[in-house]
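In: below are the sequence and a predicted model; questions follow.
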Amino acid sequence: MKTITPYLLKFTLTATVLTIIFRYFLSYGIENQFGIIITISAVTYGLLMFASGWYFGRKDGEYLPIYDVGFRFHLTTYLIHNGISLLWIGLGFGSKYENLNVSIMVAIYWGIFLLIHFVFFLWARKNSINNLDKEDIFE
């Protein structure tokens, strides 16, 4: 079964660019202690990531109607955001006030929610036929 689709790849590229831009403005805001920049960059990043996930997820569902409850996009977002964040701080691009431990804790806590999402993903696969929703097949 094809799980890496063109729309997932486009989302990956979009998420990578958005995350790098977010990390830049977040580190800048933290370094200069501009709470408004931190807030605006976080809200903008969250909204743009949600919108791009929604858009590419809908297109992906039209392209390949598999029933994965968004897990592939969630996993991709997790890997990109945490990978870039850890590299950003680890390579010294972060603010002097940023700590690698915070990014590690974010990855751990987010990973717990990703694990819960994975359980729902497995449950949805169990209740589908060839990764297609049973109700869509027998309507």
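Out: Cool, got the structure. Numbering: from 1, shown residues only.

In: which one is the residue nearest the centre of the chain nearest to, not counting chain neighbours?
Out: Of all residues in the chain, the one closest to the mean position by CA atoms, centre = their mean is Thr77, 1.9 Å from it. Closest residue to Thr77 apart from its sequence neighbours, by CB to CB, 6 or more residues apart in numbering: Ala15 at 5.8 Å. No exception for glycine: its C-beta is placed from N, CA and C like everyone else's.

In: surely His81 is in contact with Ala15?
Out: Yes - counting by CB atoms under 8 Å, Ala15 is a contact partner of His81 at 7.4 Å.

In: quick check, Lys95 in a helix?
Out: Lys isn't right for residue 95; it's Ser. No - Ser95: not assigned to a helix; according to DSSP: H, G, I helix; E, B strand; the rest coil it is coil.

In: what sits against the residue nearest to Gly90 when sequence neighbours are not counted?
Out: Spatial nearest neighbour of Gly90, excluding adjacent residues (CB to CB, 6+ apart): Leu100 at 6.3 Å. Residues near Leu100 by CB atoms under 8 Å, 6 or more residues apart in numbering: 86, 89-90.

In: so which of the residues you listed comes closest to Gly53?
Out: Nearest to Gly53 among those: Leu86, at 21.3 Å, using CB to CB.

In: surely that closest one touches Val102?
Out: No - counting by CB under 8 Å, Leu86 stays clear of Val102, with 10.6 Å between them.

In: these two: which is more packed in?
Out: Between Leu86 and Val102, counted using other CB atoms under 10 Å, the more crowded position is Leu86 (15 against 12).

In: still on that earlier bit, and the residue nearest to Gly90, how far from Phe93?
Out: To Phe93, Leu100 is 12 Å away according to CB to CB, to the nearest Å.

In: mind putting the contacts of Leu100 into CSV with pLDDT and secondary structure?
Out: Shown next, in CSV, are these (pLDDT from 0 to 100; DSSP: H, G, I helix; E, B strand; the rest coil):
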residue, pLDDT, secondary structure
Leu86, 97, helix
Ile89, 96, helix
Gly90, 95, helix
